[in-house]
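Enquirer: Have a look at this prediction, sequence included:
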Amino acid sequence: MVAPKEALAATHRMPLGADVLAGGVRYRLWAPGAKRVDVVRSKNKILPMQRMDDGWFELMVGEATAGTLYQYRIDGKLLVPDPASRFQPRDVDGPSEVIDPAAFEWDDGQWQGRPWDEAVIYELHVGSFTAKGSYKGIQDKLHHLHDLGVTAIELMPLADFAGKRNWGYDGVLPYAPDSRYGRPEDLKALVQAAHRAGLMIFLDVVYNHFGPKGNYLHAYAPQFFTERHKTPWGAAIDFSNPNVRQFFVHNARYWLEEYRFDGLRLDAVHAIKDDSATHILEEIRACIPPGKHLVLENDANQSRFLGPGKYTAQWNDDSHHGYHVLATGESDGYYAAYADAPARHLARCLAEGYAYQGEVSPFSGEPRGEPSTHLPPSAFVDFMQNHDQIGNRALGERLISLAEEKPLRALTAILLLAPSPPLIFMGEEWGCRQPFLFFCDFEGELGEAVRKGRREEFKRFVSFDKTIPDPLAEDTFRQCVLRWREQDRSWLALYKELLALRQRRIVPLKCGPGRYRMLAERAFEVSWDKLVLIANCSAARIEVHELPKGSPLWSNAPAGEPWSVDWWITG
């Protein structure tokens, strides 16, 4: 049933940017560092803005309409895009376009989302998911995702970035979906099509920094940033300023209300430094409409942000590291903190959430994490692969190129049937062997700095010194564009089988926190309410002296055999 006509338009009214109103277009810019600001619509259309309180400038233009191109001129000299631009048809340095969100009439029925317990998340990069590299390309694959058993799509960041290709984490205009992938109405059409297919759709957003090119805020709003804190990627954002907080709170609401996304994934929130009485993460969460899901990436493992009335879940890097070390035996970098007992670390993640809940990490030498045993499995998104864990390798190898097939299939059966929501990275489900490399499209000194930085990052690996793909080369990006004709049907069949079983038998259990015990150095038992797993993550057979009392659910081999995974439902 289609929603009532008056409910079909979705608009988020903002105190900043260009808003289409009954009398024309109202422009608002926070520019406390500027003496004068003009709206520039063409060489002959330079319109002075009125200075308001607290560094705000405002102007109502009666003849402006949707589709009007405009820039702001700072102190009669510098032309800049609108930091709250809804669209940049000519990239980050060009003019912004006035968008009327009410012009798109939604027709996704009475879509109310899906329960989080059903979440099976599929992370993808719009530009490399299909040869089309567009929102339309994703629409063409919705039937594949639905048939696979996915219930939620997660798009890597869309905020407008400089150049033709980028992972998205270098965005500088957080309200403008990058024009490389299509227009705003094309993105809304994708969201609508996903809903019609019964799929939730999430967006990855970056609130910890701005990218290195196309960010003009320093020129007219230096108060946006602070020297009190540092980030690995750029100037730290000053969340103690109420206007800065408002910018990001409205951004979260904008994507959820105007684009009807079902949720957001907030990137690297451990790099958000906020000394305010109310942390910006708490303020964002308090302003989000009901029924939406918010997921954190938080290397600090701060369980304080998770739970009822808080954030829905967190990406669980700890579980990934356990899976990865078991599959590959690698112990470089942060894997060193898991190499001593990867099976125990994974078992603890499956049962209790974090592997490190305040213990000292051998990698950092510092205590890491907070207790998480009180949280249900639904608070942790688990994965064996994602954009970071593949793309931040020197050669961008996927796990299928690093591990033997038998261990990888066994670990896949743990991931997809464990109660925590699993995340799949694009192509993983059909055994994709293409790399996912780091790529961008910067020019000049910035481009050379990125290229040099990438080489420096891996210079201790002698074999990689001269073979690291050039992140600026178009061919590096082209290697990552999925070649769907190369699907391995046996891998696809396994994923479909396990995800169908998950929805049919695991999801209805609504499991609470679990318990684990080690059966051997690389073997364990984990139980959650009525669900029990026995896994032997080694090439050696072990003795399992007592099997669960209940019905076998899934097995690849008798319990205790090498790389055996056995699931039961008891009671």
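Expert: Perfect, thanks for sending it. Numbering: from 1, shown residues only.
Enquirer: quick one, phi/psi of the residue nearest the centre of the chain?
Expert: Closest to where the C-alpha atoms of the chain average out (C-alpha atoms, centre = their mean) is Asp204, at 3.6 Å. Asp204 adopts backbone torsions of phi -80, psi 130, taken as degrees, to the nearest 10.
Enquirer: same question, the one 10 residues further on
Expert: Backbone dihedrals for Gly214, given as degrees, to the nearest 10, come out at phi 100, psi 0.
Enquirer: so it sits right up against Asp178, yeah?
Expert: No. With contact defined as C-beta atoms under 8 Å, Gly214 does not reach Asp178; the gap is 11.0 Å. Glycine gets a C-beta too; all of them are placed from N, C-alpha and C.
Enquirer: coming back round to it: contacts only, for the residue nearest to the centre of the chain.
Expert: Each residue near Asp204 by C-beta atoms under 8 Å, 6 or more residues apart in numbering is listed here: 154-157, 168, 264-265, 267.
Enquirer: hmm, back to that, pull up the overlap in contacts between Gly214 and Asp178.
Expert: With C-beta under 8 Å, 6+ apart as the test, Gly214 and Asp178 both reach 160-161.
Enquirer: The two - which one has more neighbours?
Expert: Applying other C-beta atoms under 10 Å to Gly214 and Asp178 shows that Asp178 carries more neighbours, namely 26 against 21.
Enquirer: State the distance from the closest residue to Glu366 other than its chain neighbours to Ala300.
Expert: Of all residues not flanking Glu366 in the chain, Val360 sits nearest, at 6.5 Å (C-beta to C-beta, 6 or more residues apart in numbering). Distance, Val360 to Ala300, using C-beta to C-beta, to the nearest Å: 14 Å.
Enquirer: Can you name the residues that contact Gln246?
Expert: 15-16.
Enquirer: Average pLDDT for the helix or strand encompassing it, rounded please.
Expert: Using DSSP states H and E, Gln246 sits within helix 242-257. The average of the pLDDT scores along helix 242-257 is 97.
Enquirer: do the same with stretch 378-398
Expert: 96.
Enquirer: Bridged to the residue nearest to the centre of the chain, which residues?
Expert: In this entry, Asp204 is beta-bridged to Arg265, by DSSP bridges.
Enquirer: And it, what's its pLDDT?
Expert: 98.
Enquirer: ok, back up a step: which of the contacts of Asp204 tops the neighbour count?
Expert: Top of the contacts of Asp204 by neighbour count (other C-beta under 10 Å): Glu154, with 28 neighbours.
Enquirer: Which SSE is immediately downstream of the helix or strand where it lies?
Expert: Using DSSP H and E, Glu154 falls within strand 152-155. The helix or strand immediately downstream of strand 152-155 is strand 159-160, counting by DSSP H and E.
Enquirer: helices or strands next to that next one in the packing?
Expert: When contacts are defined as 3 or more C-beta pairs under 8 Å, 6 or more residues apart in numbering; DSSP states H and E, strand 159-160 packs onto strand 173-177.
Enquirer: Export the strand it packs on to CSV, keeping only CA atoms.
Expert: What follows is strand 173-177, C-alpha atoms only, in CSV (Å, rounded to 0.1, in the frame of the first residue of the first chain):
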residue,chain,number,x,y,z
LEU,A,173,31.0,18.7,1.4
PRO,A,174,29.1,16.4,3.7
TYR,A,175,25.6,17.2,2.3
ALA,A,176,26.4,16.8,-1.4
PRO,A,177,26.4,13.2,-2.8
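Enquirer: Can you list the strands that it pairs with?
Expert: Strand 173-177 has these strand partners (DSSP bridges): strand 159-160 (antiparallel).
Enquirer: Can you pull out the residues in contact with the strand it pairs with?
Expert: 85, 88, 91-92, 168, 171-179, 205-206, 214.
Enquirer: now the helices: where do they sit in this protein?
Expert: For the chain, the helices defined by DSSP state H cover 126-129, 135-139, 142-148, 184-196, 217-220, 242-257, 280-286, 317-328, 342-352, 387-391, 405-417, 444-457, 474-478, 489-501.
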